[in-house]
Each structure stands twice: as structure tokens, then as C-alpha cells.
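Peer 1: Sequence unavailable; structure follows:
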């Protein structure tokens, strides 16, 4: 329901907005969207009830898994442990652990994001807007 008030803001941006959903940054937003099988560019206000439920479930599951994996670790070990649990973020060019397609990367606002075309965008690669701006 919170996401429905975000208007045309893309779901990736909404998840990264700490005033909307605290605790989800760039890496975990990639992971949540992959687990929910949602395109990062989908406008937040257009999510169906089923997509909203999938997103809610993915947020809960991805963050619970991250907390469980990091429990009891020293601060110096947290970054390495975080990386081992990520399926798409930071894995450009590697195989998606769900479907085997190649994980791709595009720019998003001031960051890059990783996603699986098969799992998240119906097999369609997203346009990298870093290059699009230069070609105009």
C-alpha cells in the first residue's frame, strides 16, 4: 500500500528511498526485485495486488536471510558475507542462479543495478541510459 502512493516513481527508486522503506539500499533492492520477479523500471503505483504481495514477501525473505547470515559476525566480516548471499547484485555477466540467463547491468539514477532479463523483464534487456544520454 505504501508503494501505491509513490506515483510514477519506478519501484527500484521507491525501494531505495529511505523515507518510504528504511533499510533497503541499492544491493538489497536488486535482490528483492529479483526475488519478486519484478522489473526495476515498473512504476510503483501500477503494481497489482499479486505483485505487491510478491514484493512484500521478497522484502521479508531477502532481509530475513541477510540478518540470519550476518548474525554473530564481526563488522570486518559483514561485507564479504553480504556478497556471498547475493544472487544478482554485483554479479554482472554471471549466470542467474534461478534460470541460467546472464545477469545484466544498467545505470539507475546515480548507481548501477543488476537484474536478470528472463526472471524480471520477460527476457527483454533494459536500455542502459548512460549511453542513451551520450547519443542524443
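Peer 2: Nice, thanks for sending it over. All values reported here derive from a predicted model rather than from experimental measurement.
Peer 1: How about the contacts made by the residue sitting nearest the centre point of the chain?
Peer 2: Closest to where the C-alpha atoms of the chain average out (CA atoms, centre = their mean) is residue 30, at 1.7 Å. Residue 30 is in contact with 12, 40, 86, 88, 89, 113, 114, 115, counting by CB atoms under 8 Å, 6 or more residues apart in numbering. Heads up, the C-betas are built off the backbone N, CA and C, glycines and all.
Peer 1: Can you name the residues that contact the first one?
Peer 2: Okay, so that is residue 12. 29, 30, 33, 40, 41, 108, 113.
Peer 1: ok, now the last one?
Peer 2: Contact analysis of residue 115 by CB under 8 Å, 6+ apart lists 30, 33, 34, 39, 40, 88, 103, 104, 106, 121, 126.
Peer 1: still on that earlier bit, quick one: which of the contacts of residue 30 is nearest residue 71?
Peer 2: residue 86 (17.2 Å; CB to CB).
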